[in-house]
Structures are given as structure tokens and as C-alpha cells.
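Peer 1: The following comprises the amino acid sequence and a computationally predicted model.
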Amino acid sequence: MNEHALLNIKNLITLWEKASSPFNGFFTDEQLSYVRIPNSDWPNRLWLKQQLDESALKEILEIINSSPISLSFSYWDDTESTRYKLIEYSGFEQKSAQIGMSMHLDQKFNQEQRLTFEQVYQPEQAKTWTDLYPESFKYNINPEILIKTCNQITYYTIYLDKTPIGTVLTMQTENAIGIHGLGIIPQMRKRGFAEETMAYILNKAIDNQLTYAYLQASELGKNIYLNMGFTVDFTMRNYIKQFSAI
């Protein structure tokens, strides 16, 4: 994978580690790492630090089987690679896929002024954010994660007038901004609010003299980011264990 694919993945892993750290939920060895937090669907996953092979998959299955918290397995590779098929042959079922994308930040974006963005600091703000999030993503995040990590991870609730309509969070690593969890509630979609949110985040990153932006897009949202100037770096597939796996 290219340099920006690796830096994108580093940003994502840093986000997972920082989210789980206050809960003593980060575990690692030579072959893989995983995070898990009670009473939350996120981040709760494993990922490889070395090459995919049968030995690694065996260890992953052992950890998943023994974990008191449900874990998924995230695997990233070049978009044209077929190595992921070994995972599917080994008793895993793909539940989702995302496209890793990056962009060099060299000029500001036109930004409409319909939305406001409230940064999360207080418990009531965290509750608003975590109540909205499942409407876009169909899984839950424990509000304690936001409360305990808001000094390291930036969480915004997106407002139209005084009505909360979406969420986004950002993770800064070195000279880059990682953009995650951008979701607009279903009844407010197709009105350009995701693009306006992206313009706000990217312009703020430029003001802070950051030079790259990273994200992982769904197939549905990929074209929004391509049109803004992002390029595709890798594919990330997220797996759960099949019930029939040995």
C-alpha cells in the first residue's frame, strides 16, 4: 500500500486506541491488536499487525470465541488484492466494507452557512451525540467514551437551526486530520449537509495548518468525497465470525 494508505490506517488505529484507553480496553501482541469497551458496539474489533495467514486467523478466532464482548475483525489491503478471500474461507462473514481515501489540503472549500457545529464537552452533549449516531450507523457508542476522550478526540454535533441532525468526529495525527463518524439522519439527507460538514472540517484543518485529510467511506458515500478531491487508497473489510466456524 502507498504511504497515505498507511498513514490513513495509522490515524484510524490511533482513534480506536485512544477511544479504548480510558477503559483499559487496548490489547496487543506481535501478530495483532484489539480493542473492546463494555456497553458499546464501537470500537470493539481486532486488526492484524503482520501478514494475513492461517496462523493469524486461528488466533483471531480464539480471541473472538473467548471474548466476553462481541468483536469484529477489520482487514485492509490494496483495492485490487484478493487476499481477503482467505478470511472468508476460514469461517468469517463480511458485514461491511469501506474505502480508505486521502486528500492533500492546499486550498479552502466553498462552504454554505446553513449549519452550526457544537463541540462535545459535557455529559448532556455526549448524550445528544450518541442518541443521534445510531440513526445513521445502526450501532451504539457508549457516551462515556465521548466524556472520557473529548480532550483527545474532537466530537461535533451538527445542527440545522437549533435541531440536531448529525454527527462527526475528528482525529488529528501529525500533520493530518482523520474524519470519522460523519452521519446525517435519514430525513435530512440529500440536501448537501454532508458536503457542508466536510467543507467546515477541511477548512478548519487548513486554518490549523494541517496538510492531509483521511477518511473511510461507504460505497454509497464514496462519490461525495471523490467529487471533493479525495483519492482511493485501500479497501477495509469488516468481518464477523460465522456461527458455523470451527
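Peer 2: That came through fine.
Peer 1: can you list the residues that contact stretch 55-62?
Peer 2: Residues lying outside stretch 55-62 but in contact with it, judged by Cβ atoms under 8 Å, 6 or more residues apart in numbering, are 31-32, 46, 48, 50, 73, 86-87, 90-92, 241, 245. C-betas here are computed from N, CA, C, even on glycine.
Peer 1: With stretch 142-150 instead?
Peer 2: Under the contact criterion Cβ under 8 Å, 6+ apart, stretch 142-150 has outside partners 18-19, 21-23, 37-40, 42, 119-121, 123, 125-127, 129-130, 153, 155.
Peer 1: Can you say which two of the contacts of stretch 55-62 are spatially most distant?
Peer 2: Checking the contacts of stretch 55-62 against each other with Cβ to Cβ, the farthest-apart pair comes out as 50 and 245, at 21.4 Å.
Peer 1: Which one's more surrounded, those two?
Peer 2: Between residue 50 and residue 245, residue 245 has the larger neighbour count (other Cβ atoms under 10 Å), namely 14 against 10.
Peer 1: which of the residues in the longest helix seen in the chain are buried?
Peer 2: Of all the elements of type helix in the chain, the one with the most residues (DSSP state H) is helix 3-20. Of the residues in helix 3-20, those scored as buried under the neighbour-count criterion (16 or more other Cβ atoms under 10 Å) are 4-5, 7-9, 11-16, 18-20.
Peer 1: so what secondary structure elements neighbour that helix?
Peer 2: Helices and strands in packing contact with helix 3-20 are listed as strand 26-28, strand 32-35, strand 92-104, helix 143-149, strand 163-173, strand 176-184, strand 212-217, strand 231-241; criterion 3 or more Cβ pairs under 8 Å, 6 or more residues apart in numbering; DSSP states H and E.
Peer 1: Parallel or antiparallel, list what pairs with the last one.
Peer 2: In this case it means strand 231-241. Neighbouring strands of strand 231-241 in its sheet, by DSSP bridges, are strand 72-77 (antiparallel), strand 92-104 (antiparallel).
Peer 1: just those: most buried one?
Peer 2: strand 72-77 (a mean of 22; mean count of other Cβ atoms under 10 Å).
Peer 1: Of the contacts of stretch 142-150, keep whichever come out buried.
Peer 2: Taking 16+ other Cβ under 10 Å as the criterion, what is buried in the contacts of stretch 142-150 is 18-19, 23, 37, 40, 42, 120, 125-126, 129-130, 153, 155.
Peer 1: Now, these that are in helices?
Peer 2: Judged by DSSP H, helices contain the following of the buried ones among the contacts of stretch 142-150: 18, 19, 125, 126, 129, 130.
Peer 1: Not counting its neighbours along the chain, what's nearest the last one?
Peer 2: Among residues not flanking residue 130 along the chain, residue 143 sits closest, at 4.5 Å (Cβ to Cβ, 6 or more residues apart in numbering).
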